[in-house]
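K.L.:
got a structure for you, letters missing:
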């Protein structure tokens, strides 16, 4: 068995060491995702104060609000594992923190992809026709679906 097919038990680490490593990896990954969602959220908070915002269509208003809600929920989900760790770290149940944090990170990334797709939809609809908007939104959603989900899920299924 080569190194790429070994599981965590082949590392010669204790369960506690494995959980420590998994938590560090999760928190490191969240450090990468958080700035993106925070910048998007800040952008969305500023948009209504633009003078041209009053001229948006009902569709654009709906897309804006849904995108803002998705960005807010993404922030909440991606920051939650850090809060859980901080509150529960002395509770000696790191496994629950890692498993729950992983789930929240996955949900947060789905919400972030949705918010980013919504932002592209909003901007494209403001600038171009509905056909261009539809094409752009579908392509961006497919990009996220393939790169963030289909590729790793396929690898996971292939390794079983």
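P.N.:
Yes, it's here. Everything quoted here is computed from the prediction, not taken from an experiment.
K.L.:
so who does the most centrally placed residue in the chain touch?
P.N.:
The residue lying closest to the centre of the chain (CA atoms, centre = their mean) is residue 109, at 1.6 Å. Counting by CB atoms under 8 Å, 6 or more residues apart in numbering, residue 109 touches 33, 74, 78, 148. Where C-beta positions appear, they are placed from N, C-alpha and C, glycine not excepted.
K.L.:
Let me know the distance separating the residue nearest to the second one when sequence neighbours are not counted from residue 151.
P.N.:
With CB to CB, 6 or more residues apart in numbering as the measure, residue 111 is the residue that lies nearest to residue 74, at 3.7 Å, once sequence neighbours are left out. Counting by CB to CB, to the nearest Å, the gap from residue 111 to residue 151 is 19 Å.
K.L.:
just residue 17 next, same as before
P.N.:
In this structure, residue 17 and residue 151 are separated by 29 Å, where distance is defined by CB to CB.
K.L.:
Check residue 95 too.
P.N.:
The spacing between residue 95 and residue 151, counted by CB to CB, is 27 Å.
K.L.:
quick one, which of those two is more surrounded?
P.N.:
Higher neighbour count among residue 95 and residue 151: residue 95, with 14 against 11, using other CB atoms under 10 Å.
K.L.:
Now the helix or strand harbouring the more buried one: buried residues?
P.N.:
Under the assignment given by DSSP states H and E, the secondary-structure element containing residue 95 is helix 94-127. By neighbour count, with 16 or more other CB atoms under 10 Å as the criterion, the buried positions of helix 94-127 are 94, 97-98, 100-102, 104-105, 107-122, 124-126.
K.L.:
for the lowest-mean-pLDDT helix or strand in the chain, packing partners?
P.N.:
Of the helices and strands making up the chain, the lowest-confidence element is helix 15-46, at a mean of 85, by mean pLDDT, DSSP states H and E. Helices and strands touching helix 15-46, as assessed by 3 or more CB pairs under 8 Å, 6 or more residues apart in numbering; DSSP states H and E, comprise helix 58-88, helix 94-127.
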